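S.K.: Sequence first, then the predicted structure, then my questions.
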Amino acid sequence: MKEIIIYTDGSSRGNPGPGGYGTVMLYKQHRKELAEGFRKTTNNRMELLAVIKGLEAIKEPGWNVLIYSDSKYVVDAVEKKWLFDWEKKYFKGKKNEDLWIKFLHEYRKHHVRFQWVRGHDGNKENERCDVLATGAADGKDLKPDHGYEAYERAGME
């Protein structure tokens, strides 16, 4: 079975503030980098979006996917099975429901495992994701994070 490795990172300049994600995908000799910036968001949203964008970029279902992330929020939610309890309770009282629902849609297409890595600890690909994420957050013409802005308008953030 084919395996792809994905490294991810998210960044927010202020929390909330301008933010971005960075994703590095590795398969055999192939490499793909993804990054995007948003005008107002949170660090946790960008950490989760980095994973979603990596999974969305896989063109066919059924892959073994190993995701390296420095986000305890994302890794623990999945690996400790909290996310699946949140889903059963319709995400009541949980933030980022919109992104968790997108994540689950993509997650269920593949065989996904997570590995937590310490951020800013010399891991080459994690460091590259950080550069991509912070560069995207610092970019011009940042897109709206509609999910965050809807939460904010509803007074949920």
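M.R.: Now that the structure is in, tell me what you want to look at.

S.K.: quick check: mean pLDDT across stretch 14-26?
M.R.: Averaged across stretch 14-26, pLDDT comes to 96.

S.K.: Tell me the buried residues in that stretch?
M.R.: Within stretch 14-26, the residues that count as buried by 16 or more other C-beta atoms under 10 Å are 16, 18, 19, 20, 21, 22, 23, 24, 25, 26. In short, each C-beta sits where N, CA and C put it, glycine included.

S.K.: before we move on, what about stretch 133-153?
M.R.: Buried residues in stretch 133-153 (16+ other C-beta under 10 Å): 133, 134, 136, 137, 142, 145, 147, 148, 149, 151.

S.K.: Just flag the most distant two among those residues.
M.R.: Within those, 134 and 151 form the most distant pair, 23.2 Å apart (C-beta to C-beta).

S.K.: What is the least confident helix or strand in the chain?
M.R.: Sorting the helices and strands of the chain by mean pLDDT, DSSP states H and E puts helix 146-153 at the bottom, at a mean of 87.

S.K.: And it, what does it pack against?
M.R.: strand 30-41, helix 97-107 (3 or more C-beta pairs under 8 Å, 6 or more residues apart in numbering; DSSP states H and E).

S.K.: Any regions of this protein where pLDDT drops low?
M.R.: Within the chain, the stretches with pLDDT under 70 are 155-157.

S.K.: All the strands of it, in order from the start?
M.R.: For the chain, the strands defined by DSSP state E cover 3-12, 17-27, 30-41, 64-69, 111-116.

S.K.: and among those strands, the most buried is which?
M.R.: Sort the strands of the chain by mean neighbour count, taking mean count of other C-beta atoms under 10 Å, and strand 3-12 sits at the top with a mean of 25.

S.K.: now that one: how far from the chain's centre is it?
M.R.: Relative to its chain's centre, strand 3-12 lies at 7 Å (C-alpha atoms, centre = their mean, to the nearest Å).
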